[in-house]
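*Asks:* sequence unavailable; structure follows:
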């Protein structure tokens, strides 16, 4: 048993899709979430800058004595090997491996698509991990930079013409390749599940990287006997690096409702 | 005469629309440009964060011994009063006043629209300055957050469905108000001139905040006898806070071509 909180971070609000799943799976766990909103987004930045920002995010979570660090950001997860040392003894997981394993289990025809930020696609992290499992897989990845601001501004529904336009723009080559499994490799993308399913067809299985990371975290805590002993609802604390009021507004826009959690501005210096 | 460079800054590549206009008006001037690409965009951040980032941008330009600082960013220009002290003796201008004066001169019916980032609209800076000139003007402002990523990813043409969708989404109330003048209050927005003109109708005069700032700078340097004495083409130096290679790629996407300038990564610490 371990009553310390689970630490989760992302560049902004995207990682809250993972937090929601964690609450659903393990309602009694305390969670400390950091969104680096003074520097969001990460997915358009260089590898060096992403590693440097992620190091500061991890230091912040370590000060909160978390029992586990979840990188609920596809971009940072793509450079996980380069930030592991920063976590010291605290176990850390990103979205890449859980999503890759789920996709590998789901595919029947061995054809897998990946959509993610520009930075994630550039690292080739999803491809590499999939090929380590099976080098005969047919894999196609596509950077989808416009989906992040669309999600942050609430334009995600199948009724929304730009959501449909960019879904087709980014997914047409992947669809043409006849994939049966598609990894949503950025924590913003589960918000487009409906419009993506409609375009790709119901036969294509969508792998939500946030949900897979949350499931992986729950299984790991169980396996290592590190679940919380509390019987009451866990405490959710959200930290952001820009204004707390602005963060609350963006959470509402992103989740479509308020979240039952304290929100504080923090400094990473 | 003064052969020192003109300093220009923006959060990213947007301010290059002002640099292009400066080169056209004063080809012999040296220019030092800073794009804070490790923290772009500014237009979604809080006032305090914008002021803090702008202070660091100004310190950087001061080290380069610039003779004038141009804030080629609508968002920072909206908090110009709060950053003026940082500039010391160096004259500083933002995009708000030049655009406001041009709009006031252009309007016939006294009805003026303003489109800008969320942060700029929140400060009410354009409204306030227009009302100082004439409190009987009818003014309507609208935040257009999606236009920035659309411009940065090259989706600006009238043939592009999302450019048309967001133009209508953001401009329908402004059009209904029968304005005859529209301020493009963010340095990314001149890229949408065609699609905006098509939607608003040819009778509506578009005021480019970048072009007005460049014209203002040229007039000020002339008036104070601070123009460069050089007869050769000026030297353009671009600095960015994230990778220089990434910046070069984004410049190409934003301007539709390369720019004849050195590009270096710098640190603001």
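*Replies:* Sure, I can see it. As the structure is a computational prediction, the values presented were derived from the model and not from experiment.

*Asks:* can I take it that residue A:70 is in a strand?
*Replies:* Yes. Assessed by DSSP: H, G, I helix; E, B strand; the rest coil, residue A:70 belongs to a strand.

*Asks:* wait, isn't it in contact with residue A:6?
*Replies:* Yes. Using Cβ atoms under 8 Å, residue A:70 makes contact with residue A:6 at a distance of 6.5 Å. (Each C-beta comes from the backbone N, C-alpha and C, glycine too.)

*Asks:* got any residues that touch both of those two?
*Replies:* Shared contacts of residue A:70 and residue A:6, defined by Cβ atoms under 8 Å, 6 or more residues apart in numbering or on different chains, comprise A:22, A:217.

*Asks:* give me the more crowded residue out of the two.
*Replies:* residue A:70 (30 against 26; other Cβ atoms under 10 Å in any protein chain shown).

*Asks:* what is the rounded mean pLDDT of the helix or strand hosting residue A:59?
*Replies:* Per DSSP states H and E, residue A:59 falls inside helix A:47-63. Per-residue pLDDT over helix A:47-63 has a mean of 98.

*Asks:* show me the contacts for the residue in the stretch 151-269 of chain A that chain B sits nearest to.
*Replies:* Nearest to chain B, among the residues of the stretch 151-269 of chain A, is residue A:243, at 3.6 Å (Cβ to the nearest Cβ). Taking Cβ under 8 Å, 6+ apart, we find residue A:243 in contact with A:265, B:45, B:46, B:48, B:49.

*Asks:* any of those residues buried? List them.
*Replies:* A:265, B:45, B:46, B:49 (16 or more other Cβ atoms under 10 Å in any protein chain shown).

*Asks:* I'd say residue A:148 and residue A:11 touch.
*Replies:* No. Residue A:148 is beyond contact range of residue A:11, at 9.3 Å (criterion: Cβ under 8 Å).

*Asks:* can you name the next helix or strand after the worst-scoring helix or strand of chain A on mean pLDDT?
*Replies:* Ranked by mean pLDDT, DSSP states H and E, the weakest helix or strand in chain A is helix A:244-255, scoring a mean of 91. Next helix or strand after helix A:244-255 toward the C-terminus (DSSP H and E): strand A:262-265.

*Asks:* list the buried residues in that next one.
*Replies:* A:263, A:265.

*Asks:* parallel or antiparallel, list what pairs with it.
*Replies:* strand A:236-240 (parallel) (DSSP bridges).

*Asks:* near chain B, which residues of the stretch 151-269 of chain A are found?
*Replies:* Contacts of the stretch 151-269 of chain A with chain B, taken as Cβ under 8 Å from any Cβ of the partner chain, map to A:153, A:155, A:161, A:162, A:165, A:166, A:242, A:243, A:245, A:246.

*Asks:* let's see that with 7 Å instead.
*Replies:* For the stretch 151-269 of chain A, the residues in contact with chain B (Cβ under 7 Å from any Cβ of the partner chain) are A:153, A:161, A:162, A:165, A:242, A:243, A:246.

*Asks:* domains in chain A, by residue range?
*Replies:* A:6-94+A:211-265, A:96-209 (automatic domain parsing).

*Asks:* got the end-to-end distance for the shortest one?
*Replies:* Terminal residues of domain A:96-209 are spaced 7 Å apart (Cα to Cα, to the nearest Å).

*Asks:* quick check: mean pLDDT of it?
*Replies:* Rounded mean pLDDT across domain A:96-209 is 97.

*Asks:* also stretch A:228-237?
*Replies:* 96.

*Asks:* ok, residues contacting that stretch?
*Replies:* Residues from elsewhere that reach stretch A:228-237, judged by Cβ atoms under 7 Å, 6 or more residues apart in numbering or on different chains: A:1-3, A:27-33, A:260-262.

*Asks:* swap the cut-off to 8 Å and go again
*Replies:* The contact list for stretch A:228-237 (Cβ under 8 Å, 6+ apart) reads A:1-3, A:5, A:19, A:23, A:26-33, A:259-262, A:264.

*Asks:* in stretch A:89-108, what's buried?
*Replies:* A:90-104, A:106-107.

*Asks:* and what of stretch A:127-141?
*Replies:* By neighbour count, with 16+ other Cβ under 10 Å as the criterion, the buried positions of stretch A:127-141 are A:127, A:129, A:130, A:137, A:139, A:140, A:141.

*Asks:* can you give me the end-to-end distance of that stretch?
*Replies:* Using Cα to Cα, one end of stretch A:127-141 lies 8 Å from the other.

*Asks:* also stretch A:238-257?
*Replies:* First-to-last residue span, stretch A:238-257, Cα to Cα: 15 Å.

*Asks:* in that stretch, which residues are buried?
*Replies:* Buried residues in stretch A:238-257 (16+ other Cβ under 10 Å): A:238-244, A:246-248, A:250-251, A:254.

*Asks:* over to stretch A:53-64?
*Replies:* Using 16+ other Cβ under 10 Å as the test for burial, stretch A:53-64 gives A:53, A:54, A:55, A:56, A:57, A:58, A:60, A:61, A:62.

*Asks:* now those as TSV including distance to residue A:123?
*Replies:* Shown next, in TSV, are the buried residues of stretch A:53-64 (distance: Cβ to Cβ, whole Å):
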residue	distance to residue A:123
A:53	15
A:54	13
A:55	17
A:56	20
A:57	18
A:58	18
A:60	23
A:61	22
A:62	24
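
*Asks:* how about the strands in the stretch 101-250 of chain A?
*Replies:* A:111-116, A:138-143, A:181-184, A:205-208, A:236-240 (DSSP state E, counting those that start in this stretch).
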